[in-house]
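S.K.: structure, please.
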Amino acid sequence: MGKIVSQEQIIQIVRTGQASGSTFVATNGCFDILHVGHLRYLQKTKELADYSIVMLNSDSSVKMIKGENRPINAENDRAELLSALNCVDYVVIFEEKSPGLLLEKIKPDFYTKGADYTLETLPEKDIVLKNNIKVKFIDFVQGKSTTNVINKCLDK
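M.R.: Okay, the predicted model is just below:
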């Protein structure tokens with residue numbers, strides 16, 4: 001089995017791993033144009049547990065969030081790029097606008113989000129509290145974003 005797994009597979013991997021004492025951290029995102037900000041965020045995420053899981057927004061999910069012109073890169077390409085990183089152990093794609101349903105199924109030990117969120121503004125707040133998932137907010141790398149990369153490319 002590779003790093004890109006189905007929702008059913010990741011649930012089984014986490015249940016089996018947790019039963020034997022391993023810890024899991026999950027995060028989510030579009031990761032449309034991978035940049036150093038993403039890399040540092042994912043490296044900090046991985047430091048929290050034995051295994052890291054990226055819940056990746058599908059193409060249709062990205063369109064719901066970012067608009068009709070996104071994503072730039074297809075979900076399978078984004079998943080493959082993420083899976084090539086040492087700090088990412090598993091990638092699982094979800095279709096919804098929010099990763100809440102998948103997060104509740106996986107029940108990792110930790111969940112990371114960007115520091116632009118707080119527990120109060122976290123869309124998955126009820127899920128993490130109900131399932132005793134520890135949340136860690138990770139600072140962004142100043143000036144590094146997919147939107148900035150796209151805007152720079154459009155500057156002629």
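S.K.: for this structure, which element, helix or strand, carries the lowest mean pLDDT?
M.R.: Ranked by mean pLDDT, DSSP states H and E, the weakest helix or strand in the chain is helix 146-154, scoring a mean of 61.
S.K.: Pro71 contacts Cys30, correct?
M.R.: Yes - at 6.2 Å, Pro71 counts as touching Cys30 under the criterion of C-beta atoms under 8 Å. C-betas here are computed from N, CA, C, even on glycine.
S.K.: pick out the residue closest to the middle of this structure.
M.R.: Asn28 (2.0 Å; C-alpha atoms, centre = their mean).
S.K.: so who does it touch?
M.R.: Listed by C-beta atoms under 8 Å, 6 or more residues apart in numbering, the contact partners of Asn28 are 54-57, 94, 99, 103.
S.K.: so where does it fall, helix or strand?
M.R.: Here Asn28 sits within strand 24-29, counting by DSSP states H and E.
S.K.: now whichever helix or strand comes after that strand, how far from the centre of its chain.
M.R.: Counting by DSSP H and E, the next helix or strand C-terminal to strand 24-29 is helix 36-46. Chain-centre distance of helix 36-46: 10 Å, with C-alpha atoms, centre = their mean, to the nearest Å.
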